[in-house]
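> I'll drop the sequence and a predicted model, then ask my questions.
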Amino acid sequence: MLSTWLRDLAPDAFRAEYFQQQALALPAVAGQSIPLLNWGTIAQLVDSQPDMLIVRNGDLRRDPPPATFEQAMALFKEGHSIVMRRCERHHPMLRGLADRVGRELEGDVSIQTYITPSAFRSFGWHYDCEDVFVVQTSGVKEFFLRRNTVNPFPTLDAMPRDMQYERETTPVFAATLAAGDLLYIPRGWWHVARSIEDALSLSIGVLSPAAAKKAPD
């Protein structure tokens, strides 16, 4: 999977030059992954009741998640993003995607889906301890990214509640994704995204052994 997405960039070169070091945006390299996330897939996932977050412009909705696709779409029309986590546990094609990525990169692979309405965003500025590959399957979404000097190598057991984004001083990079585009976000990099059109995105997280291990005292 990785070699297919990277096209002319050899996987070894990606690991040496980008992996956990530098963000990378590649246009029109993930077209074969577009069928993995569409409205039909979303309806199936909602019916299977995965771990689900409902969020609008950084505000997490505390009510119980929607039980049906129709309820989810009603929230979507109000500006809420529907974020479903660990989707590889609920859909065979996404399980296959996770397995293919896992054969090329060491670590625990999880798949999240983001359904974000036009002119809205889901979360605010944040970073993850996973390396993240974003595949845009529908619509247009703009991402903003910054190198993290506050906590550059986060680990799973030491993710702070307050990430102290206000302390960051690095420049901001931008990347706009349309269907079939790919964005690699290294472990620890700050990022935030807003939808220019109603957008469907696959987020493939790879929790490397370095990020999964207990942080030193």
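Received the coordinates, thanks.

> any residues touching the lowest-mean-pLDDT helix or strand in the chain, and which ones?
None of the helices or strands of the chain scores lower by mean pLDDT, DSSP states H and E than helix 2-6, at a mean of 85. With Cβ atoms under 8 Å, 6 or more residues apart in numbering as the test, helix 2-6 has contacts from 10-11, 14, 26, 29-30, 32, 101, 104-105, 133, 182. In this view, the C-beta of every residue, glycine as well, is placed from N, C-alpha and C.

> so how do I select the buried members of those in PyMOL?
Those of the contacts of helix 2-6 that count as buried under 16 or more other Cβ atoms under 10 Å are selected in PyMOL with:
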select buried, resi 14+26+29+30+101+104+105+133+182
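
> what's the longest helix in the protein?
helix 92-104 (DSSP state H).

> buried residues of that helix, list them for me.
94, 97-98, 101-102, 104.

> quick check: mean pLDDT of stretch 70-85?
Mean per-residue pLDDT for stretch 70-85: 97.

> tell me the bridge partners for Ile115.
Ile82, Leu200 (DSSP bridges).

> wait, it touches Ser203, no?
No - look at Ile115 against Ser203 with Cβ atoms under 8 Å: they stay out of range, at 11.5 Å.

> more neighbours, those two?
Each of Ile115 and Ser203 has its neighbours counted (other Cβ atoms under 10 Å); Ile115 has more, 26 against 20.

> so who does that one touch?
By Cβ under 8 Å, 6+ apart, the residues touching Ile115 are 42, 72, 76, 81-83, 199-200.
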